[in-house]
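A.B. asks: predicted model and sequence follow; I will ask about them next.
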Amino acid sequence: MAPPVGKRVKGIQIFRPFIYGTTARPFDDKTNPKPAGVPDDHTHSWTVFVKGIDDVDITYWLRRVQFKLHESIPNHVRMIDGEKGRSFAISETGWGEFEIAIKLYYVPDSGEKPQTLYHHLRLHPYGRTDEEKETMRLNGGEVISWTYEEQIFNEPYEAFYDILTQGALPSPSSGAAAANNKPGSKGGKGGGGKSKEKDGGKQQGGGQQQPQRSEGGVLERSAMIPLTNRPGQPFSRETEQVEIKKLKDALVKVEDLMRKTTEELTKKEKRLKDLRADAA
Ligand code: SLL
């Protein structure tokens, strides 16, 4: 593919959050009956997907996704083309876990080469710790293995920059300008303007879009993530704070352990010295 013509927007880095992963559910007569024609040895139904945070559309930067499943599965390489309103997802049934290669193809204007992610299809929940057991209970039989990721576009081509930022124009109340770009980026073409941009004056390709919020409050074509969790939407600032707290608590424990170990070491060194002195 020919690289896009035009200049890159210097000093700008744009990121877009997304989620990929699998959701699996064991067959059982009541809540997940096995459909007719599914082989006897299949124990689970599962789905692998790539999607926007809060289910916002991501097809303006992600053009298609190739899922490479285990070779035991008929037609194991599947390509899903992006279409607004349709998710990048494959649903299957099976009996075993394996690694899925997820190849992301970007829109032509991006000039980006495809990139591959790897995800382990999980059918069996861990349930090792109390926390994991609680997660299992909350998920009500579903085995959820999802990853939050951020796609970074470094110095995007100008046309692509416009595509990325269209529709996520800052409105006085939204704060989208701040959320849109990484710190240090300048509010240049397409991103920083206000009323002028609304006229579509600088935008390419017409079709000016109004900013739209997803159900969870995230602005389309932005880098926002929700403030709080909702069912089925675990990635939020709230989750981030919980994770940060866990890390801080763990750090305190490690430091405590280090202090104790150092004390013991000092004691032992002293004892060794005393013994040596006695022996001499
Ligand atoms: C394992 N290394 O041994 C893995 C392989 C393969 C899973 C797991 C087949 C589904 C189908 C299926 O579930 N394969 O026949 O359509 O655990």
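C.D. replies: Arrived safely.

A.B. asks: quick one, domains of the protein?
C.D. replies: Domains of the chain are assigned by automatic domain parsing as 1-225, 236-280.

A.B. asks: grab the longest helix from this protein for me.
C.D. replies: Taking DSSP state H as the criterion, the chain has its longest helix at helix 237-279.

A.B. asks: tell me the mean pLDDT over that one?
C.D. replies: The predicted model assigns helix 237-279 a mean pLDDT of 96.

A.B. asks: least confident of the domains of the chain, on average?
C.D. replies: Lowest mean pLDDT of those: domain 1-225, a mean of 82.

A.B. asks: so which of the domains of the chain is the most surrounded?
C.D. replies: Highest mean neighbour count of the domains of the chain: domain 1-225, a mean of 16 (counted as mean count of other CB atoms under 10 Å). No exception for glycine: its C-beta is placed from N, CA and C like everyone else's.

A.B. asks: gap between that domain and the chain center?
C.D. replies: Here domain 1-225 is found 7 Å from its chain centre; the criterion is CA atoms, centre = their mean, to the nearest Å.

A.B. asks: what about that domain, near the ligand?
C.D. replies: Yes. Residues of domain 1-225 contacting the ligand under CB under 6 Å from any ligand atom: 70, 72, 73, 94, 95, 96, 97, 98.

A.B. asks: torsion angles phi and psi at the first one?
C.D. replies: So the one you mean is residue 70. phi -70, psi 140 (degrees, to the nearest 10).

A.B. asks: list the contacts of it.
C.D. replies: Shown in contact with residue 70 (CB atoms under 8 Å, 6 or more residues apart in numbering): 76, 94, 96, 98.

A.B. asks: now with 6 Å, please.
C.D. replies: The contact partners of residue 70, taken as CB atoms under 6 Å, 6 or more residues apart in numbering, are residue 98.
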